[in-house]
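Asker: turn this into a model:
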Amino acid sequence: MSPKTGADHQTGQAEPRPGPPEPAPGASPPSSRRAPGTLLTHPVALVALGLLLLNDWVLKPSAGFRALGSGAGGWVTGKLSDASGLVVGPLVVGAALGWLTARLAPGWYATNRGSRAIAAIAIAVVVVPFVACKLSPAVAAQCAHWLSLFGRPAHIVCDPSDLLVLPFAALAAWLLLPRRR
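Answerer: Okay, the predicted model is just below:
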């Protein structure tokens with residue numbers, strides 16, 4: 001074999017060179033494939049999570065915002081919770097689905113089709129109940145009951161104006177969807 005061409009002198013045909021295997025058809029190159037959950041450390045996700053925690057654990061319970069009642073403080077903290085939740089929620093669901101499918105169906109997970117499906121499901125799992133809670137008092141009461149089972153009383157306000165923050169789910173989709181490189 002010639003060292004420069006990698007071709008066999010007798011047959012003239014190229015021999016396969018050792019190296020990483022070619023990706024499956026439809027799969028992203030290994031450099032663009034993210035491990036499940038890595039998006040949770042993306043700066044956008046960390047900022048959204050920080051705002052969610054600051055808002056729900058500090059701003060909402062603080063005396064200054066309670067004094068404002070349902071006025072500006074309630075409006076601001078409510079929208080801030082919803083907006084940051086629409087970013088963080090799909091990323092958490094996407095990480096869980098990605099982890100599960102990477103173990104149960106690694107070939108499918110490695111495809112762009114699999115990544116797009118996981119992103120769509122993660123967005124839907126968060127956005128559909130969010131919209132339902134904001135439009136139906138009965139659904140809001142049930143969601144609050146189920147969320148309260150996690151150890152902290154939950155209160156969900158049925159407020160159609162909260163649907164104004166739905167574009168923040170697009171930010172989560174932008175992070176979840178595979179990129180063309």
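Asker: contacts, neighbours, all on C-alpha from now
Answerer: Noted.
Asker: since we're on the nearest residue to residue 37 once chain neighbours are set aside, how many residues are nearby?
Answerer: Leaving aside its chain neighbours, residue 37 sits nearest to residue 95 (4.3 Å; criterion: CA to CA, 6 or more residues apart in numbering). Look at residue 95: counted by other CA atoms under 10 Å, it has 22 neighbours.
Asker: what about residue 95, which helix or strand?
Answerer: According to DSSP states H and E, residue 95 maps onto helix 72-104.
Asker: show residues contacting whichever helix or strand comes after that helix.
Answerer: Using DSSP H and E, the helix or strand that directly follows helix 72-104 along the chain is helix 106-109. By CA atoms under 8 Å, 6 or more residues apart in numbering, the residues outside helix 106-109 that reach it are 98, 101, 102, 114, 115.
Asker: now tabulate those residues in JSON lines and tack on neighbour count, distance to residue 131 and pLDDT.
Answerer: Shown next, in JSON lines, are these (neighbours: other CA atoms under 10 Å; distance: CA to CA, whole Å; pLDDT from 0 to 100):
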{"residue": "98", "neighbour count": "25", "distance to residue 131": "24", "pLDDT": "90"}
{"residue": "101", "neighbour count": "19", "distance to residue 131": "27", "pLDDT": "90"}
{"residue": "102", "neighbour count": "17", "distance to residue 131": "30", "pLDDT": "87"}
{"residue": "114", "neighbour count": "21", "distance to residue 131": "25", "pLDDT": "86"}
{"residue": "115", "neighbour count": "24", "distance to residue 131": "24", "pLDDT": "87"}
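Asker: ok, so of the residues you listed, who is nearest residue 41?
Answerer: residue 98 (15.0 Å; CA to CA).
Asker: got the contact list for the closest one?
Answerer: Residue 98 neighbours (CA under 8 Å, 6+ apart): 35, 36, 37, 109, 115, 118.
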